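S.K.: Kindly generate the corresponding structure for this input.
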Amino acid sequence: MSEEQLPVSPRDESETSPEPGWLPIREVARRTGVNPVTLRAWERRYGLILPRRTPKGHRLYNDGHVARIHAVLAWLKRGVAVGQVRDLLDREPPSDAETAPDSPWQVLQAELLAATEALAGRRLDALFDQASSLYPAPLLCERLLQPLLDELERHERAGAGLEHSFFLSWLRSRLAARVQQHNRQSGGVPLLLVGLAGQPIEPGLWLCAWLATATGRPLEVLDGPVSLAELELALPRLAACGLLLHAAQPLTAAQLRQLERLARGNAFPLLLAGPGTAAQRETLARLPGLSLAENPPAALRLLQELHGKAPCAS
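M.R.: Residues are numbered from 1 along each chain as shown. Presented below is the predicted three-dimensional model:
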């Protein structure tokens, strides 16, 4: 069992009454978007973040630790390998224009692509587990998985279709397992995620679901195709606290009418994500109560904002 798959250590569970000014690891993860597995890896392997410990062994962080985590993220987003960040933390954070010449992302992409071309599922497992223990999920999505998906879609040589299907199946299986593990540890009313593309496997939907685990809500995923008219009738039975729809292509005229009716008839947060939003953004922006995101990291940011305004009932 990999480090990422291990259950949460009881030594890291929140104490009943954390000391004033100190935060438990789960709260730090919520505020920074860096999951507890990665925070522990940064501490043990690289000494990047060194929290204090309570007599019971709980990790506690203060505002200085949180600021340091954001500084680490700033360097990682510029392409600096995690093993090189410690020597840079005392410098000014890099500007948006700066990128590291020895970025690890191209190497990671090449390794995942080679494993995909070899149809080597176990190798993909090992590479993904290693990367996800060191880098936050939104960064992995933006810099590793989405570029790899784009690359596989562009391939036209013999066998490329099989390799693409193999990677999609592997990705859905791994991300669904992460979501299932998250749901076992979460309580409350679920967030519902629904695919509208009608494709056998919609990677964007599962990337959104994987990132949405950071909200702490349980998740219910319907990877479709799902009729919006039938979904509207089923919502009372599904008892969701929010709805994320994923559109890989622009919506049809019928779907736009159904979406407008859905937006007007429900009070809970409603989000439409995916590249299908780009071509119809002006039309979609006029729908009441509908938030738009073109990619999974943007969808996560919106979900976290909506969660703060209308948290799900426990």
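S.K.: Next, count neighbours for the closest residue to F167 other than its chain neighbours.
M.R.: Residue nearest to F167 in three dimensions, not counting chain neighbours: T116, with 4.7 Å by C-beta to C-beta, 6 or more residues apart in numbering. Using the backbone N, CA and C atoms, a C-beta is placed for each residue, glycine as well. Counted with other C-beta atoms under 10 Å, the neighbours of T116 add up to 22.
S.K.: Counting by contacts, list what the helix or strand T116 falls within packs against.
M.R.: T116 is located in helix 105-117, with elements delineated by DSSP states H and E. Based on contacts counted as 3 or more C-beta pairs under 8 Å, 6 or more residues apart in numbering; DSSP states H and E, the elements that helix 105-117 packs against are helix 121-134, helix 146-154, helix 160-184.
S.K.: so where's this protein shaky on pLDDT?
M.R.: Filtered on pLDDT under 70, the chain yields the residue ranges 1-18, 92-102, 198, 307-314.
S.K.: What segments of it are strands?
M.R.: 23-24, 52-53, 59-61, 191-195, 219-222, 242-246, 270-273, 290-293 (DSSP state E).
S.K.: just so I know, which of those lies nearest V34?
M.R.: strand 59-61 (10.9 Å; C-beta to C-beta).
S.K.: who's in contact with the residue nearest to F167?
M.R.: L124, L148, L152, E163, F166, F167, W170 (C-beta atoms under 8 Å, 6 or more residues apart in numbering).
S.K.: The third one and Q255: what is the separation?
M.R.: Between L152 and Q255 the distance, using C-beta to C-beta, to the nearest Å, works out to 27 Å.
S.K.: And those two? Which one has more around it.
M.R.: L152 (21 against 18).
S.K.: you'd agree the more buried one is up against L162?
M.R.: No. Look at L152 against L162 with C-beta atoms under 8 Å: they stay out of range, at 10.7 Å.
S.K.: With that, I have no additional questions.
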